[in-house]
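**Q** Structure of the sequence below:
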Amino acid sequence: MARQTIYTGLRADWRELLEQASAPTVSAPQIRVRSITLSIELEDVLAEWRELWSAPWFARELDQLITSEWTLKDVVAHIGSWSTEFRVQAEKLAAGSEFESLILFEQPGGPRAWNAEQVAQRRMQPIDALIGEVERETGRLQDLLLQLESSVLLVERPIGIAAATTPNGPWIRSLAGLIKMRCFHDRHHIGRIREWQRSKFTGEF
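**A** Okay, the predicted model is just below:
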(Lines give C-alpha, C1' and ligand atoms only; values in the text may rest on other atoms or scores of the structure.)
Protein backbone atom coordinates (compact mmCIF):
# COMPACT_ATOMS: atom_id res chain seq x y z
CA MET A 1 0.00 0.00 0.00
CA ALA A 2 1.37 3.42 -0.95
CA ARG A 3 2.31 5.74 1.91
CA GLN A 4 -0.11 8.41 0.64
CA THR A 5 -2.96 5.90 0.78
CA ILE A 6 -2.11 5.12 4.40
CA TYR A 7 -2.04 8.84 5.27
CA THR A 8 -5.39 9.35 3.53
CA GLY A 9 -6.90 6.57 5.60
CA LEU A 10 -5.35 8.01 8.73
CA ARG A 11 -6.96 11.39 8.12
CA ALA A 12 -10.30 9.72 7.44
CA ASP A 13 -10.10 7.83 10.73
CA TRP A 14 -9.31 11.04 12.61
CA ARG A 15 -12.32 12.73 11.05
CA GLU A 16 -14.52 9.83 12.15
CA LEU A 17 -13.13 9.93 15.68
CA LEU A 18 -13.63 13.67 15.96
CA GLU A 19 -17.15 13.49 14.54
CA GLN A 20 -18.03 10.85 17.14
CA ALA A 21 -16.29 12.63 19.96
CA SER A 22 -17.11 16.29 19.42
CA ALA A 23 -20.90 15.96 19.50
CA PRO A 24 -22.36 17.75 22.53
CA THR A 25 -23.93 14.54 23.82
CA VAL A 26 -24.05 10.88 22.91
CA SER A 27 -27.47 9.34 22.40
CA ALA A 28 -28.19 6.30 24.52
CA PRO A 29 -27.59 3.15 22.46
CA GLN A 30 -30.53 0.99 21.44
CA ILE A 31 -28.99 -2.06 23.07
CA ARG A 32 -28.49 -2.87 26.72
CA VAL A 33 -25.13 -1.78 28.03
CA ARG A 34 -23.65 -3.79 30.85
CA SER A 35 -20.29 -3.68 32.57
CA ILE A 36 -19.50 -7.20 31.41
CA THR A 37 -20.11 -6.40 27.75
CA LEU A 38 -17.83 -3.35 27.94
CA SER A 39 -15.20 -5.41 29.73
CA ILE A 40 -15.36 -8.08 27.02
CA GLU A 41 -14.94 -5.40 24.36
CA LEU A 42 -11.78 -4.20 26.09
CA GLU A 43 -10.54 -7.78 26.35
CA ASP A 44 -11.08 -8.26 22.63
CA VAL A 45 -9.02 -5.17 21.84
CA LEU A 46 -6.30 -6.38 24.18
CA ALA A 47 -6.29 -9.73 22.38
CA GLU A 48 -5.68 -7.89 19.10
CA TRP A 49 -2.71 -6.10 20.67
CA ARG A 50 -1.32 -9.38 21.96
CA GLU A 51 -1.45 -10.83 18.45
CA LEU A 52 0.68 -7.93 17.22
CA TRP A 53 3.11 -7.99 20.14
CA SER A 54 3.73 -11.71 19.68
CA ALA A 55 4.16 -11.55 15.88
CA PRO A 56 7.63 -12.72 14.71
CA TRP A 57 8.43 -9.38 13.05
CA PHE A 58 7.31 -7.11 15.88
CA ALA A 59 10.39 -7.00 18.14
CA ARG A 60 12.84 -6.34 15.33
CA GLU A 61 10.84 -3.44 13.90
CA LEU A 62 10.45 -1.37 17.09
CA ASP A 63 12.79 1.39 15.91
CA GLN A 64 11.25 1.70 12.46
CA LEU A 65 9.29 4.85 11.68
CA ILE A 66 5.69 4.02 10.89
CA THR A 67 4.47 7.62 10.83
CA SER A 68 6.28 10.82 9.94
CA GLU A 69 7.37 11.18 13.58
CA TRP A 70 6.81 7.97 15.52
CA THR A 71 8.47 4.59 15.56
CA LEU A 72 6.56 1.41 16.22
CA LYS A 73 7.73 1.57 19.84
CA ASP A 74 6.49 5.18 20.10
CA VAL A 75 3.03 4.05 19.02
CA VAL A 76 2.99 1.47 21.82
CA ALA A 77 4.02 4.27 24.22
CA HIS A 78 1.16 6.37 22.84
CA ILE A 79 -1.31 3.55 23.47
CA GLY A 80 0.06 3.16 26.99
CA SER A 81 -0.44 6.85 27.72
CA TRP A 82 -4.04 6.77 26.57
CA SER A 83 -4.72 3.50 28.39
CA THR A 84 -3.75 5.27 31.60
CA GLU A 85 -5.63 8.45 30.71
CA PHE A 86 -8.86 6.67 29.79
CA ARG A 87 -8.73 4.76 33.08
CA VAL A 88 -8.21 7.99 35.04
CA GLN A 89 -11.06 9.69 33.22
CA ALA A 90 -13.33 6.67 33.77
CA GLU A 91 -12.63 6.79 37.50
CA LYS A 92 -13.55 10.47 37.63
CA LEU A 93 -16.71 9.91 35.62
CA ALA A 94 -17.73 7.07 37.93
CA ALA A 95 -17.13 9.27 40.99
CA GLY A 96 -18.83 12.33 39.49
CA SER A 97 -15.60 14.32 39.94
CA GLU A 98 -14.66 17.41 37.97
CA PHE A 99 -11.60 17.56 35.73
CA GLU A 100 -8.94 20.09 36.61
CA SER A 101 -7.39 20.20 33.13
CA LEU A 102 -8.38 19.50 29.54
CA ILE A 103 -6.59 17.65 26.76
CA LEU A 104 -7.11 19.76 23.64
CA PHE A 105 -7.90 18.04 20.34
CA GLU A 106 -6.96 19.73 17.10
CA GLN A 107 -8.22 18.80 13.67
CA PRO A 108 -6.57 17.02 11.99
CA GLY A 109 -4.11 15.27 14.23
CA GLY A 110 -5.74 15.06 17.61
CA PRO A 111 -4.05 16.36 20.78
CA ARG A 112 -0.59 16.82 19.24
CA ALA A 113 1.09 18.58 22.16
CA TRP A 114 -0.26 16.16 24.79
CA ASN A 115 0.58 13.12 22.68
CA ALA A 116 4.13 14.30 22.03
CA GLU A 117 4.71 15.01 25.71
CA GLN A 118 3.40 11.64 26.84
CA VAL A 119 5.39 9.67 24.25
CA ALA A 120 8.57 11.59 25.13
CA GLN A 121 8.10 10.68 28.80
CA ARG A 122 8.00 6.99 27.88
CA ARG A 123 10.57 6.87 25.08
CA MET A 124 13.41 5.48 27.19
CA GLN A 125 11.33 2.74 28.77
CA PRO A 126 11.79 -0.83 27.53
CA ILE A 127 9.07 -2.22 25.32
CA ASP A 128 8.03 -4.69 28.03
CA ALA A 129 7.23 -1.78 30.35
CA LEU A 130 5.14 -0.08 27.66
CA ILE A 131 3.23 -3.26 26.91
CA GLY A 132 2.83 -3.76 30.64
CA GLU A 133 1.20 -0.35 30.96
CA VAL A 134 -1.41 -1.22 28.35
CA GLU A 135 -2.09 -4.60 29.98
CA ARG A 136 -2.23 -3.18 33.50
CA GLU A 137 -4.41 -0.17 32.71
CA THR A 138 -6.83 -2.23 30.66
CA GLY A 139 -7.22 -4.57 33.62
CA ARG A 140 -7.77 -1.67 36.02
CA LEU A 141 -10.42 -0.24 33.72
CA GLN A 142 -12.17 -3.60 33.49
CA ASP A 143 -12.09 -3.95 37.28
CA LEU A 144 -13.66 -0.52 37.64
CA LEU A 145 -16.44 -1.34 35.18
CA LEU A 146 -17.32 -4.56 36.96
CA GLN A 147 -17.85 -2.66 40.21
CA LEU A 148 -20.48 -0.35 38.71
CA GLU A 149 -24.21 -0.64 38.28
CA SER A 150 -25.44 -0.59 34.69
CA SER A 151 -27.40 2.61 35.32
CA VAL A 152 -24.14 4.50 35.95
CA LEU A 153 -22.68 3.57 32.57
CA LEU A 154 -24.92 5.89 30.56
CA VAL A 155 -24.81 8.95 32.81
CA GLU A 156 -23.26 11.75 30.75
CA ARG A 157 -20.86 14.25 32.31
CA PRO A 158 -18.07 16.57 31.11
CA ILE A 159 -14.77 14.75 30.60
CA GLY A 160 -11.19 15.99 30.46
CA ILE A 161 -11.09 16.40 26.67
CA ALA A 162 -12.09 19.38 24.56
CA ALA A 163 -11.76 20.55 20.96
CA ALA A 164 -9.20 23.33 20.60
CA THR A 165 -11.11 24.84 17.68
CA THR A 166 -14.46 25.31 19.43
CA PRO A 167 -15.47 27.34 22.49
CA ASN A 168 -18.01 24.81 23.72
CA GLY A 169 -15.95 23.51 26.62
CA PRO A 170 -15.29 19.89 27.50
CA TRP A 171 -16.84 17.02 25.62
CA ILE A 172 -19.77 15.30 27.30
CA ARG A 173 -19.46 11.56 27.64
CA SER A 174 -20.77 8.60 29.55
CA LEU A 175 -18.60 5.76 30.78
CA ALA A 176 -19.96 3.61 27.96
CA GLY A 177 -19.06 6.34 25.48
CA LEU A 178 -15.57 6.63 26.94
CA ILE A 179 -15.01 2.90 26.50
CA LYS A 180 -16.19 3.21 22.91
CA MET A 181 -13.61 5.95 22.36
CA ARG A 182 -10.86 3.82 23.93
CA CYS A 183 -11.66 0.80 21.76
CA PHE A 184 -11.99 2.89 18.59
CA HIS A 185 -8.67 4.60 19.28
CA ASP A 186 -6.84 1.32 19.92
CA ARG A 187 -8.29 -0.34 16.83
CA HIS A 188 -7.39 2.71 14.75
CA HIS A 189 -3.71 2.23 15.64
CA ILE A 190 -3.87 -1.56 15.33
CA GLY A 191 -5.21 -1.12 11.81
CA ARG A 192 -2.52 1.39 10.88
CA ILE A 193 0.26 -0.88 12.19
CA ARG A 194 -1.11 -3.80 10.22
CA GLU A 195 -1.37 -1.72 7.05
CA TRP A 196 2.20 -0.49 7.51
CA GLN A 197 3.44 -4.01 8.14
CA ARG A 198 1.65 -5.44 5.12
CA SER A 199 3.00 -2.68 2.89
CA LYS A 200 6.56 -3.47 3.98
CA PHE A 201 6.44 -7.22 4.48
CA THR A 202 3.81 -8.46 2.07
CA GLY A 203 2.90 -12.03 2.89
CA GLU A 204 4.77 -12.19 6.21
CA PHE A 205 1.96 -11.12 8.53
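**Q** Show me the longest helix that occurs in the chain.
**A** Longest helix in the chain, counting residues (DSSP state H): helix 175-200.
**Q** how deep is residue 74 tucked in, by neighbour count?
**A** Residue 74 has 22 neighbours, counted by other CB atoms under 10 Å. Any C-beta I mention is one placed from the backbone N, CA and C, and that applies to glycine too.
**Q** can you pull the buried residues of whichever strand or helix holds it?
**A** Using DSSP states H and E, residue 74 falls within helix 72-95. Residues of helix 72-95 classed as buried: 72-87, 89-90, 92-94 (neighbour count, 16 or more other CB atoms under 10 Å).
**Q** you'd agree residue 128 is in a helix?
**A** Yes: judged by DSSP: H, G, I helix; E, B strand; the rest coil, residue 128 forms part of a helix.
**Q** coming back round to it: what's the model's confidence in the longest helix of the chain, averaged?
**A** Helix 175-200 shows a mean pLDDT of 94.
**Q** which other helices and strands contact that helix?
**A** Judged by 3 or more CB pairs under 8 Å, 6 or more residues apart in numbering; DSSP states H and E, helix 175-200 is in contact with helix 3-21, helix 35-53, helix 72-95, helix 127-146.
**Q** ok, now how distant is the residue sitting nearest the centre point of the chain from residue 75?
**A** In the chain, the residue lying closest to the centroid (CA atoms, centre = their mean) is residue 185, at 3.6 Å. From residue 185 across to residue 75, the span is 12 Å (CB to CB, to the nearest Å).
**Q** now swap in residue 66 and tell me
**A** Taken as CB to CB, the span from residue 66 to residue 75 is 6 Å.
**Q** what touches both of those two?
**A** 192, 193 (CB atoms under 8 Å, 6 or more residues apart in numbering).
**Q** Kindly tell me how buried the residue nearest to residue 41 when sequence neighbours are not counted is, as a neighbour count.
**A** Among residues not flanking residue 41 along the chain, residue 183 sits closest, at 5.5 Å (CB to CB, 6 or more residues apart in numbering). Look at residue 183: counted by other CB under 10 Å, it has 17 neighbours.
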